[in-house]
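1. Sequence first, then the predicted structure:
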Amino acid sequence: MYMAEFADVNRVIELLGCSQAMAYKAIRTLNSELKEKGFLTIQGKVNENYLRERYGLENRKTSEPGGQTKSDVNGK
């Protein structure tokens with residue numbers, strides 16, 4: 001059975017590099033979108049796969065020489 005991973009505020013801060021207030025806002029926004037699509041949500045947490053999809057983050061952590069991420073190298 002598939003088990004979704006949920007990101008808490010600290011994980012959102014880590015992934016997005018934002019403040020705690022912005023992380024909570026992102027969680028609320030994404031959970032609201034998921035509710036509109038008929039999904040159940042957990043207050044204060046968000047499905048990490050959905051977060052990555054909506055923010056255009058890659059699912060794997062890879063970096064290029066010089067500390068640049070693949071998206072940095074491609075100019076995104």
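-> Looks like it arrived, so ask away.

2. For the nearest residue to Ala7 once chain neighbours are set aside, which residues are in contact?
-> Nearest-residue entry for Ala7: Glu48, 4.3 Å, with adjacent residues in sequence omitted and distances by CB to CB, 6 or more residues apart in numbering. In this view, the C-beta of every residue, glycine as well, is placed from N, C-alpha and C. For Glu48, the contact set (CB atoms under 8 Å, 6 or more residues apart in numbering) comprises Ala4, Glu5, Phe6, Ala7, Arg11, Leu15.

3. Name the helix or strand for the last one, please.
-> By that I understand Leu15. Secondary structure here is read from DSSP states H and E; on that basis Leu15 sits in helix 9-16.

4. List the buried residues in that helix.
-> By neighbour count, and taking 16 or more other CB atoms under 10 Å as the criterion, the buried residues in helix 9-16 are Val9, Arg11, Val12, Ile13, Leu15.

5. Quick check: nearest residue in space to the fourth one, chain neighbours excluded?
-> With sequence-adjacent residues excluded and distances taken as CB to CB, 6+ apart, Ile13 is closest to Ala23, at 4.8 Å.

6. Please put the alpha-carbon coordinates of the strand or helix carrying the one you found into CSV.
-> Following DSSP H and E, the helix or strand that holds Ala23 is helix 20-36. Below are the C-alpha coordinates for helix 20-36, written out as CSV (Å, rounded to 0.1, in the frame of the first residue of the first chain):
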residue,chain,number,x,y,z
GLN,A,20,7.8,30.1,9.3
ALA,A,21,4.9,32.4,8.5
MET,A,22,5.3,31.9,4.8
ALA,A,23,5.6,28.1,5.3
TYR,A,24,2.3,28.0,7.2
LYS,A,25,0.7,30.1,4.5
ALA,A,26,1.9,27.7,1.9
ILE,A,27,0.5,24.7,3.9
ARG,A,28,-2.9,26.4,4.2
THR,A,29,-3.0,27.3,0.5
LEU,A,30,-2.0,23.8,-0.7
ASN,A,31,-4.4,22.1,1.8
SER,A,32,-7.2,24.4,0.6
GLU,A,33,-6.4,23.4,-3.0
LEU,A,34,-6.4,19.7,-2.0
LYS,A,35,-9.8,20.0,-0.2
GLU,A,36,-11.3,21.6,-3.3
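
7. Fine by me, thanks again.
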